[in-house]
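Q: For reference, the sequence and a predicted model appear below.
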Amino acid sequence: MELNCGAISEEHIGKEVTLQGWCRYIRDHGGKLFIDLSDMHGSTQLVFEKEAKEKADRLGKEFVISVNGTVEKRAPDTIDSANPTGKVELYVNSIDVISQSAVPPFELIEEKEKFLANEDLRLKYRYLDLRRKGMMANVLFRDRITKTVRKFFWENSFLELETPYLVKDNYETGSRTLLVPSRISKGSFYALAQSPQIYKQILMVAGVDRYFQIARCFRDEDPREDRQLEHTQIDFEVSFKDERYIQETVERMFTRVFKEVLSKPLKTPFARMKYVDAVRMYGSDKPDLRFDNKIIDITKELANTQYNILRRVADTSGHIKAISFDAQFGTGSARLDKNYMLRMIDLAKLFGLRGLTWLYVKDGAIHSEPESIAESLKNCEDSIRKKLDAKDGDIIVIGADLSEKILLDALGRIRKTMGDKIGVYNSEYSFLWVEEFPLFEINEVSGKAVPAHNPFTCPTESTIGFLDNAPEKVVGRQYDLVLNGTELGSGAIRINDPKLQRKIMKMFGMDDDLIEKNFGFFIEALSYGTPVEGGMGLGLDRICALLGGADNIRDFILFPKNKRFESAVDLSPTKIDAKRLKNDYGLEFKEQ
């Protein structure tokens, strides 16, 4: 009987079994040699005695072997309850060495996080890193989510179709594109698709009213934590439906994933919030609602404060806002301390805020370090505590700035950082729809309206009349899905009127020639009868990481780029020979 290394159980006791796998742990106990044989399914303890031991003595870690033997029950004091196969072991009769292994550059064990190799080394030897139990669990977890998503869309009559990866460059509409030179049309380039956006809209024009794909997307972004040049997106589009239908479809999809993959119920419908309210109360268009902690405006309460720093802001029509946190400060179970708050002050400066003031509540009164700050706030202490509903042990952070936008953004980041640190959550998973995004926003320097999002989102009927005279008041039919403070994806009802599409593109700063050059084919397609349609793209990598309880999306991507966007396995990107560039592509490279 041939089994995988995670399938042996008590029902196989006394039976002859064949296993193949990698030698992970090797332990010589004199008369017996024990080897844990591993594969992607699990591990089984092998026992070698006598002649079998003599041959096994030549084995090394990560050798690939095939063994045949008899399954026996382990002695009670040797049972490994943490291993599904831990109640049995295989007494080996014969062994065949399939492949030898060089000494691995790091241990493929992970009982303790401190034994893990650094990420750069793990990425270089990703094929070894993937053998680790935790990493293989991530691979299987992603596979289960992907299969569940596919089954959901199949069963709801969506066609699984593929849009092109090599497309026309539309640099003006978003992130920088990754370019691919054409050998046939020398001097011309394809762009790797940043998303299926335009082609999936064309599919709706073609009459395909329900489409989805697990799409690869490419963006030439600057290196940032948890960003990749290529990512995977759950993408879908439907015709003749509105926002609510699309949102309900996503909610039903996640309900299915939670049930089949996590074995957990999911409460629907998800909470909904307008963009303006999210920014006003939480300083972010992707607020984490596992903790409430709203940003509260206390400008009025501090109008007569003796604390000069805040008084000057209030006197110059600036903004003062605060957040209160249940930090248990000054108690034996304090969640934050003075040193942490000093780090928050430095962090606020990095976020663009000139300064951050922090206070704490003890014995029903506000205190500070140094105490002089609290003394200068005595005349407005009661109103501050009342407005923030601050109690003993709470920490209050106060920010002030002439720019409300800068202030809200900085406090929103501080809120998220401190909330995660305290970790007092009211739920494990907090889904949120953020809706009614502005299509344009006012640039604080120029005072002019500038694009806030992509040019394909349809304005709402109630605000489309502001396009000509007050574009900053135009609201788009856009919706983002947020989970625990992370944006999972964005969607919208699209523009289906070619004249309106051209007008919006002009308002985005494109002239007629540029529109025709980049989007002429698309606008022409819209002119042949386009249904009301919309859809969404959801980041599969982020979904896997968040539902898998990880912070790093790279742990759920088979061969990710490192923090410098380099492939540690094959050492790409690499330089191409100048002669080849010129002969094959008509390109000449100049050293910078």
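A: On my side now, so go ahead. Numbering: from 1, shown residues only.
Q: which residues in the stretch 451-592 of the chain form strands?
A: For the stretch 451-592 of the chain, strands defined by DSSP state E, counting those that start in this stretch occupy the ranges 478-483, 486-493, 533-539.
Q: what about the closest residue in space to Gly283 that isn't next to it in sequence, helix or strand, and which?
A: Of all residues not flanking Gly283 in the chain, Gly412 sits nearest, at 2.2 Å (C-beta to C-beta, 6 or more residues apart in numbering). C-beta: built from backbone N, CA, C; applies to glycine. Assigned by DSSP states H and E, Gly412 belongs to helix 404-422.
Q: Please report how far the residue sitting nearest the centre point of the chain lies from Gly31.
A: Residue closest to the mean C-alpha point of the chain, counted by C-alpha atoms, centre = their mean, is Arg542 at 3.0 Å. Distance from Arg542 to Gly31, counting by C-beta to C-beta, to the nearest Å: 52 Å.
Q: Residue ranges in the stretch 451-592 of the chain under the pLDDT threshold?
A: 592 (pLDDT under 70).
Q: now the helices for it?
A: With DSSP state H, counting those that start in this stretch as the criterion, the stretch 451-592 of the chain has helices at 498-507, 512-526, 540-547, 578-585.
Q: how about the last one: buried residues?
A: Residues of helix 578-585 classed as buried under the neighbour-count rule (16 or more other C-beta atoms under 10 Å) are Tyr585.
Q: tell me how far that helix is from the chain's mean position?
A: On the basis of C-alpha atoms, centre = their mean, to the nearest Å, helix 578-585 sits 39 Å off its chain's mean C-alpha point.
Q: got the contact list for that helix?
A: Helix 578-585 has contacts (C-beta atoms under 8 Å, 6 or more residues apart in numbering) with Pro181, Ser182, Arg183, Lys186, Gly187, Leu587, Glu588, Phe589.
Q: and the second one, what does it touch?
A: Residues counted as contacts of Ser182 (C-beta under 8 Å, 6+ apart) are Ser188, Phe189, Tyr190, Tyr585.
Q: at 7 Å what do you get?
A: Ser188, Phe189, Tyr190 (C-beta atoms under 7 Å, 6 or more residues apart in numbering).
Q: hey, where'd the strands end up in the stretch 101-250 of the chain?
A: Counting by DSSP E, counting those that start in this stretch, the strands of the stretch 101-250 of the chain are 159-160, 166-167, 179-181, 189-192, 210-218, 230-239.
Q: what's the distance between the fourth one and the middle of its chain?
A: Per C-alpha atoms, centre = their mean, the displacement of strand 189-192 from the mean C-alpha position of its chain is 26 Å.
Q: strand partners of it, parallel vs antiparallel please.
A: Here strand 189-192 has these sheet partners by DSSP bridges: strand 166-167 (antiparallel), strand 179-181 (antiparallel).
Q: Surely Pro269 is in contact with Arg252?
A: No: using C-beta atoms under 7 Å, Pro269 is not in contact with Arg252, being 10.2 Å away.
Q: Looking at those two, which one has more neighbours?
A: Taking other C-beta atoms under 10 Å, Pro269 and Arg252 do not tie; Arg252 has more neighbours (14 against 11).
Q: Sketch out the low-pLDDT regions of this protein for me.
A: 110-115, 171-174, 225, 592.
Q: again, only using 50
A: Within the chain, no stretch has pLDDT under 50.
Q: what's the distance between the closest residue in space to Ser462 that isn't next to it in sequence and Lys582?
A: Excluding its sequence neighbours, the residue lying closest to Ser462 (C-beta to C-beta, 6+ apart) is Val475, at 7.7 Å. Using C-beta to C-beta, one gets 51 Å for the distance from Val475 to Lys582.
Q: which one of the strands of the stretch 101-250 of the chain is the most hemmed in?
A: With neighbours taken as mean count of other C-beta atoms under 10 Å, these reach their highest mean count in strand 230-239, at a mean of 22.
Q: which strands and helices sit next to the longest helix seen in the chain?
A: If you go by DSSP state H, the chain has its longest helix at helix 133-155. When contacts are defined as 3 or more C-beta pairs under 7 Å, 6 or more residues apart in numbering; DSSP states H and E, helix 133-155 packs onto helix 243-257, helix 540-547.
Q: Give me the contacts around that helix.
A: Contact partners of helix 133-155, identified using C-beta under 7 Å, 6+ apart, comprise 40, 110, 129-130, 160, 212, 214, 234, 236, 253, 256-257, 260-261, 540, 543-544, 548, 555-556.
Q: hmm, which of those are the buried ones?
A: By 16+ other C-beta under 10 Å, the contacts of helix 133-155 give 40, 129-130, 212, 234, 236, 253, 256-257, 261, 540, 543-544, 548, 555-556 as buried.
Q: List the residues that contact Glu230.
A: Counting by C-beta under 7 Å, 6+ apart, Glu230 has contacts Arg216, Cys217, Phe218.
Q: Out of those, the closest to Pro459 would be?
A: Cys217 (25.6 Å; C-beta to C-beta).
Q: How much space separates that closest one from Gly69?
A: Taken as C-beta to C-beta, the span from Cys217 to Gly69 is 49 Å.
Q: how near is the residue lying closest to Ala193 once chain neighbours are set aside to Glu260?
A: The shortest distance from Ala193 to any non-neighbouring residue, by C-beta to C-beta, 6+ apart, is to Val167 (4.8 Å). Per C-beta to C-beta, Val167 is found 34 Å from Glu260.
Q: One more: Arg252?
A: Taken as C-beta to C-beta, the span from Arg252 to Glu260 is 13 Å.
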